[in-house]
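S.K.: Sequence plus the predicted model coming up.
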Amino acid sequence: MNNQDILLVDDVYLLMEIATTMYQDNEEYLAQKLYRLCNYTKLNKNIKYYKKLGMKELEYLQKLKTMYDNFDKKGYFPFNNNIYRCSTEEIELRLSKINELWSVFTKTNNPYFRIKEFLQLYDNIEKFRKSYTQFVNYTFKDNLIKKAHIALTNFDKMYSTLKEYEEKGLFAEVVYLTEVEEYNKHYYTARYIIKTFLNASSKEEFLKEQKITEQELSYYAEVIDELDVELSKKYQAKSQTLLQIHNEKLIRTYNELTIGIKTGKLPDGTPFNTLEFLKRAPFINREEVALRTTGEFYSKTIQYLRKKPELDYETIIIYIRTQRLDDKSAFRPISKETIYTSKIKLQDKYLTSEDKTNIINYIELSNLPLVYKIYSIVKKMYISGEITTQDIEKLKNNNQNKRKSIKK
C-alpha cells in the first residue's frame, strides 16, 4: 500500500469524530464529507493494514466500514467506489436477476416463456447487455460476484439467443400476447365501466360516481378498444360529445366570471367576491384535499385562456393576480388538526370547536379543497357573519337534493 493511502491514527480519530458528532441531521452530507476524506477503497486497504499490524484502532475502522456500507446501500456515495459503477444494493439485485434468468434458460427451451420471464426482469435487450458488461469482464476476478459465476459465464449465450428471438419478431409477439392476456383479465370490469359511461352527462361526475381516476378510465377504454370494436366506437363518440359540452361549459363559466369581476354581480344576481370566483373557477382540483401541484390552477388557467381568443384573458388573469391566487402558498393544504388546535379569536372570544367544524363543513359542502386561501376567506366571512349556520344548512339540503335526483 502506498504511503499516501495510509491513514494515521489521528486521521482515524478525526473520521470517527466527524462520523459520530457532526452533520447528524443530514446523513447524506455526512456520507459525502467522509467519502471526500477517505473513499471506500482507501478505507478497505487501511482495514487490512491495521489488522495486519494488530492495531487497536482497527475497531474504529470497522465501525466506519459498517457506516460506509449503510450509506452505500442508500445511494449516498458516488458510484466510482467499485468497478460496476452502482451501489452494493444494486449489485445484489443484478446478480439475483441474472441467476433467475439463467434458471429459466436451463428449465425450458420455449422461447415465448423465456422472453416473458426476461421482460419481467428487464426493460430491453440492450439495457440488459450494458448492465452486465463489467460483471462479465470480472466473472472470475471478483469474489463479490461469485454467487452468479455460472450465469455470468453463460451471459453471451443468453444474450445471443435473445437477440435471435428479437430478430425473428418473437419479442413483439410476446408483448402483444401479454397485453391481450392482461386485457382479458379486466374485460368484464372495463365493459361495465365503458357501457355505463355511455349514459354519463359529465366525465367529471362519472369518475366521481364510479370512484375511479381518469387514468383508470383510459385503461378500460384501451381494453375495450382491443377487445370490443363496436363498444369502443360508441365510447369515442360519447367522449367527443362530452368534451364539446365541457368546453362550452368552460367558456360559459369564464364569461360569467368576467361579468362578475367587472360588475360586482354574477349573471344570476349573486354578489361577486373571491369565494364565489373560487367556487366556479375551472382547474381547481376539488376531489382531493388540495392541488397536487400548488401552481397547477394558475398555469392551467393561463394555458386554457391563451387558446381561447374569444375569452377576456386580461380581466381574468389580472383578477387572479390581484387576489394573490397565482401565489403557490394560496393552495397549500391545511389539515383539520391544524385548524382545531389553533387559537382563533371571534371578537372577545376564541372560536369553538363547533365554529371550526362549521367553517370546515362550509368549505367541503361548497365542493372546495381545504387549503390556506380558501380557509382564510371562509373563516373571515364566518367571523363577520357573512356566512351563517343557516347558509351551511342550506348547502347540506341542496347537496342532499342533488344526490336524490341523481339516484332517480
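M.R.: Cool, got the structure. Numbering: from 1, shown residues only.
S.K.: Need the residues that contact the host helix or strand of residue 226.
M.R.: In the assignment (DSSP states H and E), residue 226 maps to helix 214-227. Contacts to helix 214-227, defined as Cβ atoms under 8 Å, 6 or more residues apart in numbering, come from residues 179-180, 183-184, 186-187, 189-191, 193-194, 197, 203, 207, 231-232, 235, 239. To be clear about C-beta, it is placed using only N, CA and C from the backbone, and glycine gets the same treatment.
S.K.: Check stretch 228-243 too.
M.R.: 187, 191, 194-195, 197-198, 200, 202-203, 221, 224-225.
S.K.: Any buried residues in that stretch, and which?
M.R.: 228, 231-232, 235, 238-239, 242 (16 or more other Cβ atoms under 10 Å).
S.K.: Name the nearest of those relative to residue 31.
M.R.: Distance to residue 31 across those (Cβ to Cβ) is lowest for residue 239, with 50.9 Å.
S.K.: now the strand or helix carrying the closest one against helix 214-227, angle please.
M.R.: Using DSSP H and E, residue 239 sits in helix 229-263. Helix 229-263 and helix 214-227 are oriented at 150 degrees to each other (axes from the mean of the first three to the mean of the last three Cα atoms, to 10 degrees).
S.K.: helix or strand right after helix 229-263?
M.R.: helix 274-280.
S.K.: Pull the CA coordinates from that following helix and hand them back as CSV.
M.R.: Output of helix 274-280 as CSV, limited to C-alpha atoms (Å, rounded to 0.1, in the frame of the first residue of the first chain):
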residue,chain,number,x,y,z
THR,A,274,-63.2,35.9,-4.3
LEU,A,275,-65.0,33.0,-2.7
GLU,A,276,-67.7,32.9,-5.5
PHE,A,277,-64.8,33.1,-8.0
LEU,A,278,-63.1,30.0,-6.4
LYS,A,279,-66.4,28.1,-6.2
ARG,A,280,-66.8,28.4,-10.0
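S.K.: where's the residue in the chain sticking out farthest from the centre relative to residue 47, distance?
M.R.: Here the chain reaches farthest from its C-alpha mean at residue 53, the gap being 52.1 Å by Cα atoms, centre = their mean. Distance of residue 53 to residue 47, computed by Cβ to Cβ, to the nearest Å: 11 Å.
S.K.: same question, residue 66
M.R.: 11 Å.
S.K.: Comparing those two, which shows the higher neighbour count?
M.R.: residue 47 (16 against 9; other Cβ atoms under 10 Å).
S.K.: which ones are touching that one?
M.R.: 58, 61-62, 65.
S.K.: Which members of the residues you listed are classed as buried?
M.R.: 58, 61.
S.K.: what's the farthest-apart pair in the contacts of residue 47?
M.R.: Between any two of these (Cβ to Cβ), the greatest distance is 10.2 Å, for 58 and 65.
S.K.: Just the buried ones from the contacts of helix 214-227, in ChimeraX syntax?
M.R.: Buried members of the contacts of helix 214-227, defined by 16+ other Cβ under 10 Å, are picked up in ChimeraX with:
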select :183,186,190,191,193,194,197,203,207,231,232,235,239
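S.K.: which strands and helices sit next to the helix or strand hosting residue 99?
M.R.: Using DSSP H and E, residue 99 falls within helix 88-107. Of the remaining helices and strands, those touching helix 88-107 by 3 or more Cβ pairs under 8 Å, 6 or more residues apart in numbering; DSSP states H and E are helix 58-73, helix 111-121, helix 133-137, helix 149-153, helix 155-167.
S.K.: elements contacting whichever helix or strand comes after the last one?
M.R.: So the one you mean is helix 155-167. As assigned by DSSP H and E, the chain's next helix or strand after helix 155-167 is helix 170-185. Judged by 3+ Cβ pairs under 8 Å, 6+ apart, helix 170-185 is in contact with helix 111-121, helix 214-227.
S.K.: repeat that for 10 Å
M.R.: Under the contact definition 3 or more Cβ pairs under 10 Å, 6 or more residues apart in numbering; DSSP states H and E, helix 170-185 sits against helix 111-121, helix 155-167, helix 214-227.
S.K.: Mind checking those for the one nearest to residue 5?
M.R.: Per Cβ to Cβ, nearest to residue 5 of those: helix 155-167, 33.7 Å.
S.K.: tell me what that closest one is packed against?
M.R.: Going by 3+ Cβ pairs under 10 Å, 6+ apart, helix 155-167 lies up against helix 88-107, helix 111-121, helix 125-131, helix 133-137, helix 170-185.
S.K.: buried set for it?
M.R.: Applying 16+ other Cβ under 10 Å to helix 155-167 flags 155, 158-159, 162, 165 as buried.
S.K.: Now that helix - C-alpha only, CSV.
M.R.: In CSV, the C-alpha atoms belonging to helix 155-167 read as follows (Å, rounded to 0.1, in the frame of the first residue of the first chain):
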residue,chain,number,x,y,z
PHE,A,155,-24.2,-14.4,-20.4
ASP,A,156,-23.1,-14.2,-24.0
LYS,A,157,-25.1,-17.4,-24.9
MET,A,158,-28.2,-15.9,-23.3
TYR,A,159,-27.7,-12.5,-25.0
SER,A,160,-27.2,-14.0,-28.5
THR,A,161,-30.3,-16.3,-28.1
LEU,A,162,-32.4,-13.3,-27.0
LYS,A,163,-31.2,-11.3,-30.0
GLU,A,164,-32.1,-14.1,-32.3
TYR,A,165,-35.6,-14.2,-30.8
GLU,A,166,-35.9,-10.4,-31.3
GLU,A,167,-34.8,-10.6,-34.9
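S.K.: Could you count how many residues lie near residue 188?
M.R.: 10.
S.K.: who's in contact with it?
M.R.: Taking Cβ atoms under 10 Å, 6 or more residues apart in numbering as the contact definition, residue 188 lies against residue 223.
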